[in-house]
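[1] give me coordinates for this.
(4 chains)
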There are 2 protein chains.
Amino acid sequence: MRKAPLPGHASLADVAARAGVSTATVSRVLNGTAAVAQDALQRVQRACRELNYVPNGAARALSSRRTRTIGAVVPSIENAGFAVAIGALQRWLVTSGYTLIVASSDYDPAVELREVSLLMSRGIDGLLLVGGEHHPDLVPMLEQQELPFIETWTLSDAHACVGFDNVAAARQLTDYLLDLGHVDIGVIAGRMLHNDRAASRVAGVRQALEARGLKLPTEWMIERPYRILEGRLAMKAMLARRLRPTAVICGNDQLAFGALIEAQASGLSVPDDMSITGFNDLDFAAYLDPPLTTVSVPADQIGVIAGEYLLGRADGKPVLRVNEVLTKLIVRASTAPPCSQR
Amino acid sequence: MRKAPLPGHASLADVAARAGVSTATVSRVLNGTAAVAQDALQRVQRACRELNYVPNGAARALSSRRTRTIGAVVPSIENAGFAVAIGALQRWLVTSGYTLIVASSDYDPAVELREVSLLMSRGIDGLLLVGGEHHPDLVPMLEQQELPFIETWTLSDAHACVGFDNVAAARQLTDYLLDLGHVDIGVIAGRMLHNDRAASRVAGVRQALEARGLKLPTEWMIERPYRILEGRLAMKAMLARRLRPTAVICGNDQLAFGALIEAQASGLSVPDDMSITGFNDLDFAAYLDPPLTTVSVPADQIGVIAGEYLLGRADGKPVLRVNEVLTKLIVRASTAPPCSQR
DNA sequence: GTTAAAAATGTAAGCGCTTACATAAAGAGG
DNA sequence: CCTCTTTATGTAAGCGCTTACATTTTTAAC
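    This is a model prediction of the structure:
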């Protein structure tokens, strides 16, 4: 049941026939897997052009057992950090002829598991995951199918990873505040359920505090989704407490943004009356009033390194299991010593 | 060369053998394409579970001639609007078992063409594009391969589309400013080269102006990439002019943000000394000081409708070629009548 | 009980590539 | 000029599914 030789949908066999060579030779030209004589090569290229030949990826994947596709499942593609990493990853992959499938898990391990299953049945050669906290069936499934994967935004001692130590980063930020003289420090964290990065950051704050004999009071610890509005609400709640902290560490820049405007709306001066910090150093952080002290995270590097790892694995090349990227404390004007110190 | 019956990598034939049925029956169970007896169905499901069966998407795509994958090529996945649309599209697709491949063109038609070629050769059943301005070879290529595609963020009279009339939206915004009494209106536009949305918005401003016998002076028309910093620079340049406008229309919220802080840094009061508007109504727009007057765009709707269209086409169902979504003028506090009017 | 129609299942031919392996052509060495 | 490599090309067997078609089993109708 050979199809009619329409100009569209030409197969490799059509190209071979037109170029007067075998399908094997055409395949060699297309993939550069073996030397082909000059004239044959040109005849094949010409035939491809004339027939508007578009390779059939499914057939190629089936016979070569490589899909040339990488999957990425992130909590939310709308999150600027993940979007940047995804963008960097894709731009890197395309230089090797790979495509990228993306999916969002909405911070739900069950959804993440389903998405990964779908990607696997669709066919991928590698997978990018965020964080180290997954559905219990996820990693066994990946290992059982021998699918290379890498965890991002975290450092793992079990799996391949590219990221940073969230605990240490938060500790550094807290130490900076402590060194400034702050003692009463509050936290507006992201939701910690199914988000080990958020949880680690809070743990880092606690560690730094405890190292100086301080504690994080329950009433100064508020947990909210990563949104500007939620930051406002959280700050409003915090300011309603009997005592208020002199510095508030926020889980990310959005929460900090919201916290900042709410503090100002309540008549507080930042940083004079209260210091506020963010995390991620998104584009707007430098332009808030006052400019936000935060921690920059090289999301693009994370994406690229994940790509290098995954393609390396796909090609059987040696790769590093653990890839640490550097975060940096960006001190701007939203932090200062507490009133009492001046 | 039958592979060893490892627990991983079981094929449909392995499942069939274990369940004591033919491969056709297994396929029917998996796809629900035909009725299967109760007991056979259960035996098959059990066998799948026991063998950890994962379907081979390449084989499925090859024989069924459907990849169950949609492609999306946007200018930049880092752009919040596109990220939202992509997220909404993916969440919609997954409910039908479809996956999404994404790629960024960086506002370059040549790159867009390459990305689309790559996606086509990898195999997709439909394609989302942004805007109506492409490389001349792009649409012919899609039509020749009979690949369903839809243009987004724009309305087209030639192709399928989901979006809005950028000219009309900008006109509405400008009319609002004109009604407020502004006569001296400047524009900080996004780069118009290879971005018909940006160009259309400027055209809309011009139309509204001309309808009242006004013009957009060259020195009040600045074109910059969509970034906060660029907005600052643009405003700085505009304020350096001999005469300054009483209102500045910015191509998007980022430019408006930058313009706003630069105006304030120069000692201007917004909106008293100058009105400023944005476009898109991103999350931060409502929280700027003053809150930004802008135009909201339902990016999530665009993504979902694009998904409906593409899946509809893939299933041969009737679909609407033109899908208009509604933008809305969001009046906040960054706009007011000009000084002279008060 | 017989027969026709409906329902369930099986058979096997591809889908369009890649890639061992076989074969032929072209150089190299003596 | 003939054999031995080396290089270029062809042959054909899958890759793991779907699906038209054939066959068998069940159910319904009379």
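[2] average model confidence for stretch A:172-190?
    Averaged across stretch A:172-190, pLDDT comes to 98.
[3] likewise for stretch A:130-142?
    The model assigns stretch A:130-142 a mean pLDDT of 98.
[4] check which residues of that stretch are buried.
    Using 16 or more other C-beta atoms under 10 Å in any protein chain shown as the test for burial, stretch A:130-142 gives A:V130, A:G131, A:G132, A:E133, A:H134, A:H135, A:L138, A:V139, A:M141, A:L142. For glycine as for every other residue, the C-beta is placed from the backbone atoms N, C-alpha and C.
[5] what's that stretch in contact with?
    With contact meaning C-beta atoms under 8 Å, 6 or more residues apart in numbering or on different chains, stretch A:130-142 is reached by A:73-75, A:82, A:109-110, A:112-113, A:116-117, A:120, A:127, A:149, A:151-154, A:156, A:158-159, A:161, A:194-197, B:52.
[6] go through these and flag which are in helices.
    Here DSSP state H is the test, and the contacts of stretch A:130-142 give A:F82, A:P109, A:A110, A:E112, A:L113, A:V116, A:S117, A:M120, A:D196, A:R197 as lying in helices.
[7] check these one by one and keep those near DNA strand C.
    Among the ones in helices among the contacts of stretch A:130-142, no residue is within reach of DNA strand C (C-beta under 7 Å from any atom of the strand).
[8] in JSON lines: those, plus pLDDT and neighbour count.
    Formatted as JSON lines, the ones in helices among the contacts of stretch A:130-142 follow (pLDDT from 0 to 100; neighbours: other C-beta atoms under 10 Å in any protein chain shown):
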{"residue": "A:F82", "pLDDT": "98", "neighbour count": "25"}
{"residue": "A:P109", "pLDDT": "98", "neighbour count": "17"}
{"residue": "A:A110", "pLDDT": "98", "neighbour count": "12"}
{"residue": "A:E112", "pLDDT": "98", "neighbour count": "25"}
{"residue": "A:L113", "pLDDT": "98", "neighbour count": "18"}
{"residue": "A:V116", "pLDDT": "98", "neighbour count": "25"}
{"residue": "A:S117", "pLDDT": "98", "neighbour count": "14"}
{"residue": "A:M120", "pLDDT": "98", "neighbour count": "18"}
{"residue": "A:D196", "pLDDT": "97", "neighbour count": "18"}
{"residue": "A:R197", "pLDDT": "98", "neighbour count": "26"}
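[9] tell me the one of the residues you listed nearest DNA strand C?
    DNA strand C lies nearest to A:M120 out of the ones in helices among the contacts of stretch A:130-142, by C-beta to the nearest atom of the strand, at 19.7 Å.
[10] tell me the contacts of the residue nearest to A:C161 when sequence neighbours are not counted?
    Excluding its sequence neighbours, the residue lying closest to A:C161 (C-beta to C-beta, 6 or more residues apart in numbering or on different chains) is A:E151, at 4.4 Å. Contacts here follow C-beta under 8 Å, 6+ apart; on that basis A:E151 touches A:L129, A:V130, A:G131, A:G132, A:H159, A:A160, A:C161, A:V162, A:G163.
[11] what pairs with A:E151 across the strands?
    With DSSP bridges applied, A:E151 shows beta-bridge pairing to A:L129, A:C161.
[12] relative to A:N323, how far out is it?
    10 Å (C-beta to C-beta, to the nearest Å).
[13] now do the shared contacts for those two.
    In contact with both A:E151 and A:N323: A:C161, A:V162, A:G163, using C-beta under 8 Å, 6+ apart.
[14] burial of A:D106, as a residue count?
    A:D106 is flanked by 13 other residues according to other C-beta atoms under 10 Å in any protein chain shown.
[15] just the pLDDT for it.
    98.
[16] for A:P5, same thing?
    pLDDT, A:P5: 45.
[17] next to DNA strand C, which bits of chain A? Give me the list.
    A:1-3, A:9, A:11-13, A:23-24, A:26-28, A:30-31, A:33, A:53, A:55-56, A:59-60, A:62-64.
[18] now do the residue nearest to A:C161 against A:R122, distance only.
    With C-beta to C-beta as the criterion, A:E151 and A:R122 are 21 Å apart.
[19] and the nearest residue to A:V111 once chain neighbours are set aside, what are its phi and psi?
    If you skip the residues right next to it in sequence, A:V111 has A:S105 as its closest partner in space, 4.6 Å away by C-beta to C-beta, 6+ apart. As for A:S105, its main-chain torsions (degrees, to the nearest 10) stand at phi -100, psi -10.
[20] so what's the residue count around A:S105?
    23.
[21] same check on A:I330?
    Counted with other C-beta under 10 Å, A:I330 comes out at 17.
[22] and it, how close does it get to chain B?
    A:I330 sits 15 Å away from chain B, going by C-beta to the nearest C-beta, to the nearest Å.
[23] might one say that A:A285 is in contact with A:L292?
    Yes: with contact defined as C-beta atoms under 8 Å, A:A285 counts as touching A:L292 (4.3 Å).
[24] now the common contact residues for these two.
    Joint contacts of A:A285 and A:L292 (C-beta under 8 Å, 6+ apart) are A:D253, A:A256, A:G278, A:R332.
[25] any chance of those in a markdown table, with secondary structure and distance to A:V319 too?
    Below are the shared contacts of A:A285 and A:L292 laid out as a markdown table (DSSP: H, G, I helix; E, B strand; the rest coil; distance: C-beta to C-beta, whole Å):
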| residue | secondary structure | distance to A:V319 |
| --- | --- | --- |
| A:D253 | helix | 32 |
| A:A256 | helix | 36 |
| A:G278 | coil | 33 |
| A:R332 | coil | 37 |
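[26] tell me the one of those residues nearest DNA strand D?
    After measuring the shared contacts of A:A285 and A:L292 against DNA strand D - C-beta to the nearest atom of the strand - the closest member comes out as A:D253, at 45.2 Å.
[27] who's in contact with the closest one?
    A:G278, A:F279, A:N280, A:D281, A:L282, A:F284, A:A285, A:L292, A:T294.
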